[in-house]
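In: Fold the following.
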Amino acid sequence: MEMSPPIDSQSPMRSPQAVGRVDLTLYLALLASHAVYGGLAIYLASIAQPDAPRNPGLAIPFVFIALATAGAAVAVDSLGFRDAQIDRWLDAGKQQALARDALAQAVRQRALSTSIVRWAIAAMPSQIGLVAVLLGSLPLSQALLLVALGALTHVSCRPKMTATIARIDEKLPKTS
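Out: Sure, this is the predicted structure:
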């Protein structure tokens, strides 16, 4: 069994700029996934057989789940990146007696994890739209509305790592 090497204190992921770049890269990649879901939905609808069995009973649950997940993504976005939340993360790290750099790194990683979670949740309406077409529960036009909802939700949950890093630096002044 191989053991992973110890984390290098000079690792590029320790720098705030690297975490910011990762945040932006993930945002753009996951945003592009909505186009993939829409494209697949269009393709699947074009090859579907007109006499294929339909599942209209799933339409309302699919729409409800898509709306709920869009709301959840917006809630995580608005609550997870408030200054008060960042301050709570900092206070939790201070109680563990972490050094300034380790504490800043821990909070940046927590913020990055929160970003990934909200964007994954924001992708769910688009995924539900694709599944609805696949199962024949919604016509293509309505499924594409769910894909659009997912994309708009994702756009509204923009990257916030720069502001988070600024808040960390504000609350944890550098020691000389």
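In: Pull the contacting residues for the residue sitting nearest the centre point of the chain.
Out: The residue lying closest to the centre of the chain (CA atoms, centre = their mean) is Trp119, at 1.5 Å. Counting by CB atoms under 8 Å, 6 or more residues apart in numbering, Trp119 makes contact with Leu26, Tyr27, Leu30, Ala73, His154, Cys157. The C-beta positions use only the backbone N, C-alpha and C, and glycine is treated the same way.
In: which of these sit farthest apart?
Out: Leu26 and Ala73 (14.3 Å; CB to CB).
In: Ramachandran coordinates for Ala97?
Out: With angles defined as degrees, to the nearest 10, Ala97 sits at phi 60, psi 40.
In: Over to Asp101?
Out: phi -70, psi -40.
In: Against Leu144, how distant is it?
Out: 47 Å (CB to CB, to the nearest Å).
In: Likewise for Ser33?
Out: 15 Å.
In: if you count what's nearby, which of the two comes out ahead?
Out: Leu144 (20 against 16; other CB atoms under 10 Å).
In: so where do the helices sit in the chain?
Out: 16-47, 59-80, 83-95, 100-135, 140-156, 161-171 (DSSP state H).
In: Columns mean pLDDT on top of these, output as CSV?
Out: Formatted as CSV, these follow (pLDDT from 0 to 100):
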stretch, mean pLDDT
helix 16-47, 93
helix 59-80, 94
helix 83-95, 87
helix 100-135, 92
helix 140-156, 96
helix 161-171, 89
